[in-house]
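Asker: sequence plus the predicted model coming up.
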Amino acid sequence: EDQVTQSPEALRLQEGESSSLNCSYTVSGLRGLFWYRQDPGKGPEFLFTLYSAGEEKEKERLKATLTKKESFLHITAPKPEDSATYLCAVQAAQGGSEKLVFGKGTKLTVNP
Amino acid sequence: DVKVTQSSRYLVKRTGEKVFLECVQDMDHENMFWYRQDPGLGLRLIYFSYDVKMKEKGDIPEGYSVSREKKERFSLILESASTNQTSMYLCASRPPAQGYTQYFGPGTRLTVT
């Protein structure tokens, strides 16, 4: 069964304090790994798609990396507006449903 | 910009009522999805559609049905709402030629009393 585990469940940082969020996955052939940001009461906002081990994507203070077993979302010098829940999801290459399997998320709080 | 809209942000219904949740995308996407999100359980796929009048069950289809009569619109139907269907409902759409990335709408918070 395809599974995604995110850690930590919650993370508190001071503004400017860099850190990383982890997404470990087991999937029967990876079609893609996706990172989303979700603010309270809103739909997930797309951040990155990674397709193969070694791939990296960057956007402002965020950088996502991928290995064969996990992905990291690195946050450099975070600001309070980066506070949100970050969701990781994988899509298996096998099967035709295009279903995303989501982790439970990491709730990030950045204090000023 | 990819735009996915949902008909209501908040909805309160009574047990036994028939409930319609609508999702619209304006980018000619073929694939559309309905998820529900619950604390501690994360997002789970209810149904998806890969073309007009085509649908497939996701992980938790019980108590739900869907309709896709036009390409841009995908409706989720709760035939007889129950309290355990109180949840956040999220519609997603996958544009062609952008890999397999799904884009989500703003969500509908449904409360069944």
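Answerer: In hand now; what should we look at?
Asker: apart from its chain neighbours, what residue comes closest to the residue of chain A found nearest chain B?
Answerer: Here chain A gets closest to chain B at one residue, A:Gly43, 3.9 Å apart by CB to the nearest CB. C-betas here are computed from N, CA, C, even on glycine. Sequence neighbours aside, B:Phe104 is the residue nearest to A:Gly43 in space, at 3.9 Å (criterion: CB to CB, 6 or more residues apart in numbering or on different chains).
Asker: where does the nearest residue to A:Asp39 once chain neighbours are set aside land on pLDDT?
Answerer: Leaving out its chain neighbours, the residue that sits closest to A:Asp39 by CB to CB, 6+ apart is A:Ala84, at 5.2 Å. If you check A:Ala84, the pLDDT there is 98.
Asker: quick check: residues of chain B near chain A?
Answerer: Within chain B, the residues that sit near chain A (CB under 8 Å from any CB of the partner chain) are B:4, B:31, B:33, B:40-45, B:48, B:50, B:56, B:58-59, B:90, B:94, B:99-107, B:109.
Asker: give me that answer again for 6 Å
Answerer: B:Gly42, B:Leu43, B:Leu45, B:Leu90, B:Gly99, B:Tyr100, B:Thr101, B:Tyr103, B:Phe104, B:Gly105, B:Pro106, B:Gly107 (CB under 6 Å from any CB of the partner chain).
Asker: tally of neighbours for the closest residue to chain A within chain B?
Answerer: Proximity of chain B to chain A (CB to the nearest CB) peaks at B:Phe104, 3.9 Å away. Using other CB atoms under 10 Å in any protein chain shown, B:Phe104 has 23 other residues around it.
Asker: and B:Gly16, by the same measure?
Answerer: For B:Gly16, using other CB under 10 Å, the count is 10.
Asker: ok, and the closest non-adjacent residue to it?
Answerer: Nearest to B:Gly16 is B:Ser80, by CB to CB, 6+ apart, at 5.4 Å.
Asker: how many neighbours does that neighbour have?
Answerer: 11.
Asker: what residues are up against the residue lying closest to A:Leu100 once chain neighbours are set aside?
Answerer: Counting by CB to CB, 6+ apart, A:Ala89 is the residue found nearest to A:Leu100 once chain neighbours are left out, at 4.2 Å. Applying CB atoms under 6 Å, 6 or more residues apart in numbering or on different chains, we find A:Ala89 in contact with A:Phe34, A:Leu100, A:Phe102.
Asker: wait, is A:Ala89 part of a strand?
Answerer: Yes. Under DSSP: H, G, I helix; E, B strand; the rest coil, A:Ala89 falls within a strand.
Asker: how about the residues of chain A by chain B?
Answerer: A:Arg31, A:Gly32, A:Lys42, A:Gly43, A:Pro44, A:Phe46, A:Thr49, A:Gln91, A:Lys99, A:Phe102, A:Lys104.
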